[in-house]
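Enquirer: the following block contains a protein sequence and its predicted model.
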Amino acid sequence: MSFARELTSLQLYLGLVGGGLAALGFLASVPTLGSAPLITVFFALGAVSLARLVMPWSLWLDGLLAVFGAVALIAALPAEGVLPVHHWLALFAAWAFSWLFVERLTTAIRQGRLPHTGTGQVIPLIFGLSLLVIWEVVTRGANVSPVLLPPPSAIAARFAQSTGILWADFVQTFVKSVIPGYLIGCGAGLLVAIAVDRSPFLKAGVMPIGNFMSALPIIGIAPIMVMWFGFDWQSKAAVVVAMTFFPMLVNTVAGLNAASAIERDLMRTYAASYWQTLMMLRLPAAGPFIFNALKINSTLALIGAIVAEFFGTPVVGMGFRISTGVGRLAIDLVWAEIAVAAIAGSAFYGVIALLERGVTFWHPSVRGGRA
Amino acid sequence: MNRVLPVLTILVLIIAVWYAAAILMNAPWQNTLNGRANLTDVPFHTFAQQTWAQDKPILPAPHQVVSEIWNGTVALEITSRRSLAYHGWITLSATLLGFAFGTGLGVLLAVAIIHNDASDRSLMPWIIASQTVPIVAVAPMLVVGLNAVGLTGLVPKALISMYLSFFPVVVGMVKGLRSPEGIQLDLLRTYDANSWQVFWKLRWPAAMPFLFASMKVGIAISLIGAIVAELSNTAGGGLGVRLLTGSVNGQTIQIWAALFIAAGLAAVLVALVGSAERAVNRRMGVRA
């Protein structure tokens, strides 16, 4: 029994649940032996894993079991109708094995038996893939109506089919509305903050109002902007400008105060002018604050542009496609559009995070290795 | 006192710019109107008053918006479907329900994350990634999908608010629950405290400032979520619907009034969280 003692109680419990469910599933599949050979093999192997109680059982074996279970399940999904009852046991068993694998992997990383780089990035990947597999198996296995929630495979197929539409929407919403609006909004926020910073009176007046405005649902000006600037991308860019301006203003004003008095005194002993102090000391010191605003704004900008398209748009754009897709029950196209938005949003955020690592390399949060 | 004067100055400036902009932006249409009525040589102050009193102005003057709010709240019965108070209440209830869901979910996730390494490593990157998905894109589908399974009204909107508001709470609470220093944790170990006691006597109180800071952000975006969700469910009413119908009918004053009510709601909600924070601080013996 000493092998079982290497595991924490949660890990042991997961192992027992996975193995037990697999054994149960094997017994249940005996009457229909040969109908789904892969699942039966998975059940058999899962039941064998109960041997971890009396012999060493590598964590990689648990990982292999989880992957095998997922492959077997997807291969056994019927084209029509629902999954046989005992196949659901395979889903739960595979889930238990993947959870167990992740638990043991983190333990191994913490104890230094595995390197952090590489393996550390695998863990969130496993979580995401498990979600996708569960989504696929549940929607197809339980025959969920595709109008309610299409399976990921159908979304991927639709994505591949309609890359032309998706690209046109992406250009309209992201390239034409989000990027100009983001650049103008953030740039204006930065410049106004620098201007306001010169006068303590203005700063005392602008800061509370800026903080207040950042908390308001500015997105509501979307219909007004559509009236003022028309249906095309200009109105969307205007909404994005209004949404990104205030977070940038507030964060930059706070950041310009980040340089300490002793550092400013040093600049004064060098006889540095206002602009030299600003460019060489205060703006770099404000870097982390400015990048914080840039990150917040990257998600706000996308939201603003998509919502503005609900209020009137030419017949192209992500928000337009989503609202009409829902109306026409083309839910798989809507999900493909959401996938594009998610990829664009994550890439946008990732680019800014990379820039931040390059520009504010001196900041403790970057030097510590976790941005 | 030294903060009131600058803020007032800026506010007066904004209102002055607003009135001036109203004259400029409404002038072309007013010229057309006056031309049709064969009015020539209108003196400037009359002309300015005309531009501030149009029916469907491009930019309504502040007093028009204020009187619309007054007519829509105090002057009407609260149960009327045209009452702004009625629509505000619909939005508010969805906001509060979603905020409660979101805060609960956020705290639960944070507790799971600090107590379990595996959930930290597998959940945290996805929680951050979840916010790069523009939920407003998912909102219409969620509303329609939940409609199909018979869930209507408050819950779909609250779910969208929840999705937006759980994020700041998770991030803040993970930071807050980890904020006790090693020396404090060591002290509790010398007392032979179990992990339950460590949580309730050290980690939870230490996380309170972080929780309230996150909740202020959370309730503001909760309101945004509710308004956006209403855009896809026009039958249900709410401030989002007022925005949409105002936009369709060209009723700019109605849009601005709904916008101001939403802004007022946001301000009141954030202030309420702030006063709850002060009450909790007093109760815990924090000196202001």
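Expert: All right, it came through fine.
Enquirer: hey, let's count contacts and neighbours off CA atoms from now on
Expert: OK.
Enquirer: which parts of the helix or strand bottoming out on mean pLDDT in chain B are buried?
Expert: When each helix and strand of chain B is scored by mean pLDDT, DSSP states H and E, helix B:135-148 comes last, with a mean of 74. For helix B:135-148, a neighbour-count test (16 or more other C-alpha atoms under 10 Å in any protein chain shown) marks B:135-145 as buried.
Enquirer: and if you look at stretch A:82-89?
Expert: Neighbour-count burial for stretch A:82-89 [16+ other C-alpha under 10 Å]: A:83, A:86-89.
Enquirer: next one: that stretch to chain centre, how far?
Expert: Put simply, stretch A:82-89 sits 31 Å off its chain's centre (C-alpha atoms, centre = their mean, to the nearest Å).
Enquirer: kindly report the same for stretch A:99-106.
Expert: Here the centre of stretch A:99-106 is set off from its chain's centre by 22 Å, with C-alpha atoms, centre = their mean.
Enquirer: establish whether that stretch and chain B are in contact.
Expert: Yes. Using C-alpha under 8 Å from any C-alpha of the partner chain, stretch A:99-106 comes into contact with chain B via A:102-103, A:106.
Enquirer: burial count for the closest residue to chain B within the stretch 151-300 of chain A?
Expert: Distance from chain B to each residue of the stretch 151-300 of chain A (C-alpha to the nearest C-alpha) is smallest for residue A:205, at 4.0 Å. Residue A:205 has 21 neighbours, counted by other C-alpha atoms under 10 Å in any protein chain shown.
Enquirer: check the one 4 residues further on too.
Expert: When neighbours are defined as other C-alpha under 10 Å, residue A:209 has 16 of them.
Enquirer: pLDDT at it, what is it?
Expert: Looking at residue A:209, its pLDDT stands at 83.
Enquirer: which helix or strand contains it?
Expert: Using DSSP states H and E, residue A:209 maps to helix A:200-215.
Enquirer: what is that helix packed up against?
Expert: Using 3 or more C-alpha pairs under 8 Å, 6 or more residues apart in numbering or on different chains; DSSP states H and E, the elements in contact with helix A:200-215 are helix A:179-197, helix A:233-256, helix B:4-36, helix B:204-231, helix B:252-283.
Enquirer: quick one, which of these is nearest to residue A:16?
Expert: Across those, residue A:16 has its closest neighbour in helix B:204-231 (33.4 Å, C-alpha to C-alpha).
Enquirer: what angle do that closest one and helix A:200-215 make?
Expert: Angle, helix B:204-231 to helix A:200-215, by axes from the mean of the first three to the mean of the last three C-alpha atoms, to 10 degrees: 70 degrees.
Enquirer: just checking, residue A:346 touches residue B:134?
Expert: No. Assessed by C-alpha atoms under 8 Å, residue A:346 is found out of contact with residue B:134, at 10.2 Å.
Enquirer: which one's more surrounded, these two?
Expert: Each of residue A:346 and residue B:134 has its neighbours counted (other C-alpha under 10 Å); residue B:134 has more, 23 against 20.
Enquirer: wait, that one touches residue A:301, no?
Expert: No. Judged on C-alpha under 8 Å, residue B:134 makes no contact with residue A:301 at a distance of 9.6 Å.
Enquirer: name the helix or strand for the closest residue to residue A:133 other than its chain neighbours, please.
Expert: In this structure, residue A:133 finds its nearest non-sequential neighbour in residue A:70, 6.7 Å apart by C-alpha to C-alpha, 6 or more residues apart in numbering or on different chains. Per DSSP H and E: residue A:70 is located in helix A:59-76.
Enquirer: for the following helix or strand past that helix, the averaged confidence score.
Expert: Note on helix A:59-76: by DSSP H and E, the next helix or strand toward the C-terminus is helix A:85-110. For helix A:85-110, mean pLDDT rounds to 83.
Enquirer: report all helices and strands that whatever helix or strand comes next after helix A:85-110 contacts.
Expert: Later in the chain than helix A:85-110, the nearest helix or strand by DSSP H and E is helix A:119-141. Applying 3+ C-alpha pairs under 8 Å, 6+ apart, we find helix A:119-141 packed against helix A:59-76, helix A:85-110, helix A:152-161, helix B:117-130.
Enquirer: pull out the buried residues from helix A:119-141.
Expert: Neighbour counts using 16+ other C-alpha under 10 Å place A:120, A:123-124, A:126-127, A:130, A:133-141 of helix A:119-141 among the buried residues.
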